[in-house]
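Undergrad: need coordinates for the below:
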Amino acid sequence: MKPTNYTSSILKVALFATGLAGIVAEYTLSTLATYFLGDSVFQWTMIVSIMLFSMGLGSKISKWLEKNLLEKFVWLEFSLSIVASNVTIIVYVFFALYDNTTFIIYLLSVLVGLLIGMEIPLVVRLNERFQNLKVNISSALENDYFGSLAGGVFFAFLGLPYLGLTYTPLILGIVNFSVAMSLVYVIWNELEPVVKKRLIIYSSFVLVLLVLSGLFAKRIVEWGDRIRYQDPIVYSEQSRYQKIVLTYAGGDYWLFLNGHQQLSTFDEALYHEPLVHPLVQLHPQPLRILILGGGDGAAARELLKYDEIASITLVDLDPSVTNLAMNHPVLVNINQGALSNEKVEVINQDGFTFLEGVKEPYDLIIADFPDPRTVDLGRLYSKEFYWLCRKALNPEGLMITQAGSPYYAKEAFECIDKTMASAGFHTLQLHNHVLTLGEWGWVIGSKLDRDLKEDLKEISIEDLETKWLTNEALTGLVSFGKQVFKSSETVVDVNQIHSPVLYKYYLKGRWDLY
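TA: Model (predicted):
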């Protein structure tokens, strides 16, 4: 079997497709690992590193391939097409069957790396008769790297936002299969009958598998999600930033982001009323309010109970969340149409970036972010972030942040309080028992040096319409008992961008008792 000049061109296109499919498989597996296993920085770091290492192993293995290199390359392309196109399906099947995805996610990263690593040296060897060494090596790596860039752009701007993790890998598998078939077409007349028979059988198998994957991928993923969430799913979307799932059980709805509960209609008032009302009551004249996060609209709903509030700016990174809160009947019923109120302005932007550009200060800031379980989320609980919050407040301004559990993750809770204080706030810790979350906490920060605890005791909310919060419950928010679990840390450090410690405290929490 002798390669032709046209064969050389197809081989280069194949390397481009390999780079494209490989990088998308990397990103897909990293995103799945973040979704199922958490700690995005760790997962992305390890999966990319393992895949690169496996590429090195694949390159090493390729030196033992001696005969029928062109045919072997086609087999590798077919194999990469199968693995890369089905990574999401395989992960969901394993989760459904074994309730664990760690092994399979990392095994798939090894397989993809091995296949890519074997392909590149083979192309160089097949192409050596057409180009001298320096041009051959350069063009091979050039096409692989250019394909990687195309794959990254595709994943970030088209794949994840529009196709989701279900169909993005499938598209890339089809690309690899098409390139492999183009190569088979070019060399067909030079193949021996027995090789032709093998390729017909294998290519038919791959084609059927791709068709079946396209037909059943969504059902398989939904099956895995049903097993994971245990309750019927009424809405599911993979946005550019996270997996959004809304479930229904026992007459109540539950909202999850990346598998973590954000609210339940069963008891969300026990979370949102302590988040909003103590803060508003402590300010003499709250007119301009900033909500960072809180894309479900429940915090905005509570703020709209105060006629004196003139404007509410809600900044949430993910437009899919705020669009859901504005248009889905379940969320609209929860937030009572708050995000469509004329007083509320919704901005889809990173909260940190938004604060950097604030020109007109606010009276109150409510930070309602997901728990700081990763380095990137910890940035929104950092000294630098709280310094920007303080800068964005009026002289009498106050802020509040959700701070996780003061019992399950005591060190993380104390770290948030200490970090706010290091940014110049005078702080007050709050807590409440949210039935579906357990014991939960918040930290209020004031620019003024005042006794927030005593001030809170003087507040009356008798005329305020609430589901749970009363005057007596309000004073109970600041009453803490003795520490339940022995702390493993003698000194809790301040969380800073260049020294992220909060996520470590959070992950060390006693969540096994949750």
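Undergrad: ranges for the strands of the stretch 201-350 of the chain?
TA: 233-238, 243-249, 252-257, 260-264, 288-293, 311-315, 344-347 (DSSP state E, counting those that start in this stretch).
Undergrad: direction included, what does the last one pair against?
TA: To tie it back to what came earlier, the one meant is strand 344-347. Here strand 344-347 is paired, per DSSP bridges, with strand 311-315 (parallel).
Undergrad: now the strand it pairs with: buried residues?
TA: Along strand 311-315, these residues count as buried under the neighbour rule (16 or more other CB atoms under 10 Å): 312-315. (Glycine included, C-beta is placed from N, CA and C.)
Undergrad: with stretch 232-241 instead?
TA: Those would be 233, 236, 238-239, 241, for stretch 232-241 by 16+ other CB under 10 Å.
Undergrad: same list (those) but as TSV, adding pLDDT.
TA: TSV is the format used below for those (pLDDT from 0 to 100):
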residue	pLDDT
I233	91
S236	89
Q238	84
S239	87
Y241	86
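Undergrad: closest to S340 out of those?
TA: Taking CB to CB as the measure, S340 sits nearest to S239 out of the buried residues of stretch 232-241, at 20.3 Å.
Undergrad: next, work out how far apart that closest one and D318 are.
TA: Counting by CB to CB, to the nearest Å, the gap from S239 to D318 is 5 Å.
Undergrad: give the rounded mean pLDDT of stretch 372-381.
TA: The average pLDDT within stretch 372-381 is 90.
Undergrad: and the end-to-end length of it?
TA: Across stretch 372-381, the terminal residues are separated by 7 Å (CA to CA, to the nearest Å).
Undergrad: residues of it that come out buried?
TA: So for stretch 372-381, counting by 16+ other CB under 10 Å, buried means 372-375, 377-381.
Undergrad: check stretch 138-155 too.
TA: Buried residues in stretch 138-155, counted by 16+ other CB under 10 Å: 139-140, 143-144, 147-148, 150-152, 154-155.
Undergrad: residues contacting it, please?
TA: 12-13, 15-24, 27-28, 120, 123-124, 127, 131, 168, 172 (CB atoms under 8 Å, 6 or more residues apart in numbering).
Undergrad: pLDDT weak spots in this structure?
TA: 1-6, 483-490, 512-514 (pLDDT under 70).
Undergrad: centroid residue for it?
TA: With distances taken as CA atoms, centre = their mean, the residue of the chain nearest its centroid is Q242 (4.2 Å).
Undergrad: if I look at that one, how far off is L257?
TA: 5 Å.
Undergrad: now A473: closest residue in space that isn't a chain neighbour?
TA: N432 (7.9 Å; CB to CB, 6 or more residues apart in numbering).
Undergrad: phi, psi of that neighbour?
TA: Backbone torsions of N432, given as degrees, to the nearest 10, read phi -160, psi 150.
Undergrad: go on, Y362?
TA: According to degrees, to the nearest 10, Y362 has phi -110, psi 160.
Undergrad: run through the bridge partners of it.
TA: Beta-bridge partners of Y362, as defined by DSSP bridges: L393.
Undergrad: do the same with the one 5 residues further on
TA: For A367, the beta-bridge assignment (DSSP bridges) gives partners L292, T401.
Undergrad: try L257
TA: Bridge pairing for L257 - DSSP bridges - gives I244, H260.
Undergrad: what residues does stretch 64-73 touch?
TA: Residues external to stretch 64-73 that are found in contact with it (CB under 8 Å, 6+ apart): 1, 3, 7, 11, 14, 118-119, 122-123, 125-126, 183, 187, 191, 195, 199.
Undergrad: now do the buried residues in the longest helix along the chain.
TA: The longest helix of the chain (DSSP state H) is helix 193-229. Across helix 193-229, burial judged by 16+ other CB under 10 Å covers 195, 199, 202-203, 206, 209-210, 213-214, 217, 220-221, 224-225, 228-229.
Undergrad: same check on stretch 29-43?
TA: So, applying 16+ other CB under 10 Å, buried residues of stretch 29-43: 29-40, 42-43.
Undergrad: for K359, state which of the residues you listed is nearest.
TA: Using CB to CB, the buried residues of stretch 29-43 come closest to K359 at S40, 32.1 Å.
Undergrad: excluding its backbone neighbours, what's nearest the closest one?
TA: Nearest non-adjacent residue to S40 (CB to CB, 6+ apart): T34, at 4.2 Å.
Undergrad: test my guess that that neighbour contacts F42.
TA: No. Under the criterion of CB atoms under 8 Å, T34 makes no contact with F42, lying 9.1 Å away.
Undergrad: so which of the buried residues of stretch 372-381 belong to helices?
TA: Per DSSP H, the buried residues of stretch 372-381 map to helices at 375, 377-378.
Undergrad: quick one on the thing from earlier: just the strands of the stretch 201-350 of the chain: most buried one?
TA: Across the strands of the stretch 201-350 of the chain, the average number of neighbours (mean count of other CB atoms under 10 Å) peaks for strand 288-293, which reaches a mean of 24.
Undergrad: helices or strands next to it in the packing?
TA: helix 298-303, strand 311-315, helix 351-356, strand 362-368 (3 or more CB pairs under 8 Å, 6 or more residues apart in numbering; DSSP states H and E).
Undergrad: what's in contact with the last one?
TA: Right, strand 362-368. Contacts of strand 362-368 (CB under 8 Å, 6+ apart): 275-276, 279-280, 283, 285-294, 299, 303, 313, 351, 380, 389, 392-394, 396-402.
Undergrad: which of those are buried? Put it as a ChimeraX command.
TA: To isolate the buried members of the contacts of strand 362-368 in ChimeraX, using 16+ other CB under 10 Å:
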select :275,276,279,280,283,286,288,289,290,291,292,293,294,299,303,313,351,380,389,392,393,394,396,397,398,399,400,401,402
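Undergrad: among the buried residues of stretch 232-241, which pair sits farthest apart?
TA: I233 and Y241, at 19.2 Å, using CB to CB across these.
Undergrad: follow-up on the earlier one: could you work out the most separated pair of the buried residues of helix 193-229?
TA: V195 and Y229 (48.3 Å).
Undergrad: wait, isn't Y202 in contact with W75?
TA: Yes. Look at Y202 against W75 with CB under 8 Å: they come within range, at 7.2 Å.
Undergrad: A strand includes R450, no?
TA: No. Looking at R450 with DSSP: H, G, I helix; E, B strand; the rest coil, it is coil, so not inside a strand.
Undergrad: report the spatially nearest residue to it, omitting neighbours in sequence.
TA: H426 (6.5 Å).
Undergrad: before we move on, back to that, so which of the contacts of stretch 138-155 belong to helices?
TA: Going by DSSP H, the helices hold 12-13, 15-24, 27-28, 120, 123-124, 168, 172 from the contacts of stretch 138-155.
Undergrad: find the helix or strand that K72 is a member of.
TA: Assigned by DSSP states H and E, K72 falls within helix 69-85.
Undergrad: then T436?
TA: Here T436 is assigned to no helix or strand, by DSSP H and E.
Undergrad: state the distance from it to Q285.
TA: Distance from T436 to Q285, by CB to CB: 35 Å.
Undergrad: brilliant, that's me finished.
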